[in-house]
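Enquirer: build me a model:
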Amino acid sequence: MAQTVQRPVVVGVDGSESATQAVRWAAHEAGRRSAPLVLFHAWTPIPVAPRHAGSLGPYHDALVEQGGEWLREAAAAAREAAPGVLTTTQLVSGSAAAHLIERSASAGLVVLGSRGLGGFAGLVVGSIAVAVATHGCCPVVVVRGVEPGTAPRQDGPVVVGVDGSPNSRAALDFAFQAAALRGAPLTAVHAWSDLPVTTVWELTTDWHSIQQNESEELSRWLADGKARYPDVPVEQVVVRDGPAHILLERARTAQLVVVGSRGRGGFRGLLLGSTSQAMIHHAACPVAVVPPSRP
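Expert: Numbering: from 1, shown residues only. Sure, this is the predicted structure:
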């Protein structure tokens, strides 16, 4: 019987310490999945009028040389982290986000650092990571640590946000697999109320009954995963709180947080949900953003 070829783990490389942490994390993940690792770098040509293009030749050559050096350094870091993983490099010109989105169609996972070269964290997370997480065809992991530039923890549970939406079910499937590959417990978090002020409805509502109903709903959502991964210990957390708040809190002791790209309450025009954006900007551990399952 022919062995199934695993889709590659693709990781963005830009020479930053954040990207190096992402390479190490991705190498370990590729090893867990028995998947190949692709180290990817895109250099961006300077747009100029055709009559001036020739004068930029040396500059473009320098960008290619620098990109190649960063890829060689990343390959060394990957080999150190996971010596047995098949690792290749890819150097292209153009938009990193556009190339990674295209590459995601054939990848099992795309991995990015949380800060790019130069330290413009808001710019990098706001453009590349959000663009790839929004439009990518596969799960996207943004590798974060407790402090910028620090290695993410390798212990603790896998935490997943669950709300019953199609995106949430895809995130749950990913989280069960991630926990099984790590031999880690799974914490399934369902936050069912995020009202900013106390209302008459809140004062007259039977919270105990709602909590019980929501707990039963979460148990139903988890049933399939528990059946397929019986060796994964599962903790169920049901809270009357906002999902971003409780997930950020749980991320402090987690080794991975998993969220869907959009939740049940998302606006159609908001392509990446507010909870997902909060996680990739502020979580204290790596964050996996999972799109809906492909047909």
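Enquirer: what's residue 150 in contact with, if anything?
Expert: residue 21 (CB atoms under 8 Å, 6 or more residues apart in numbering). Just so you know, the C-beta spots here come from the backbone N, C-alpha and C atoms, and that holds for glycine as well.
Enquirer: all numbers from here: first residue = 56
Expert: OK, 56 is where the count begins now, so the last one is residue 205.
Enquirer: in a helix, it, correct?
Expert: No - residue state for residue 205 (DSSP: H, G, I helix; E, B strand; the rest coil) corresponds to coil; a helix is not indicated.
Enquirer: wait, residue 68 touches residue 124, no?
Expert: No - checked against CB atoms under 8 Å, the pair residue 68 and residue 124 is beyond contact range at 10.4 Å.
Enquirer: the more surrounded of those two?
Expert: Between residue 68 and residue 124, residue 68 has the larger neighbour count (other CB atoms under 10 Å), namely 30 against 12.
Enquirer: so who does that one touch?
Expert: 74, 78, 94-96, 125-126, 129.
Enquirer: and it, how far from residue 130?
Expert: Plainly put, residue 68 is 9 Å away from residue 130 if you go by CB to CB, to the nearest Å.
Enquirer: and residue 243, what element?
Expert: strand 241-246 (DSSP states H and E).
Enquirer: ranges for the strands of the chain?
Expert: 64-67, 92-98, 142-148, 164-168, 195-198, 213-216, 241-246, 289-294, 311-315, 342-345 (DSSP state E).
Enquirer: I'd like those laid out as JSON lines, including mean neighbour count, mean pLDDT and distance to residue 117.
Expert: Converted to JSON lines, the strands of the chain look like this (neighbours: other CB atoms under 10 Å; pLDDT from 0 to 100; distance: least, CB to CB, whole Å):
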{"stretch": "strand 64-67", "mean neighbour count": "29", "mean pLDDT": "96", "distance to residue 117": "20"}
{"stretch": "strand 92-98", "mean neighbour count": "24", "mean pLDDT": "94", "distance to residue 117": "9"}
{"stretch": "strand 142-148", "mean neighbour count": "16", "mean pLDDT": "95", "distance to residue 117": "13"}
{"stretch": "strand 164-168", "mean neighbour count": "28", "mean pLDDT": "94", "distance to residue 117": "23"}
{"stretch": "strand 195-198", "mean neighbour count": "28", "mean pLDDT": "94", "distance to residue 117": "28"}
{"stretch": "strand 213-216", "mean neighbour count": "29", "mean pLDDT": "96", "distance to residue 117": "42"}
{"stretch": "strand 241-246", "mean neighbour count": "23", "mean pLDDT": "94", "distance to residue 117": "47"}
{"stretch": "strand 289-294", "mean neighbour count": "16", "mean pLDDT": "94", "distance to residue 117": "51"}
{"stretch": "strand 311-315", "mean neighbour count": "30", "mean pLDDT": "95", "distance to residue 117": "38"}
{"stretch": "strand 342-345", "mean neighbour count": "28", "mean pLDDT": "95", "distance to residue 117": "34"}
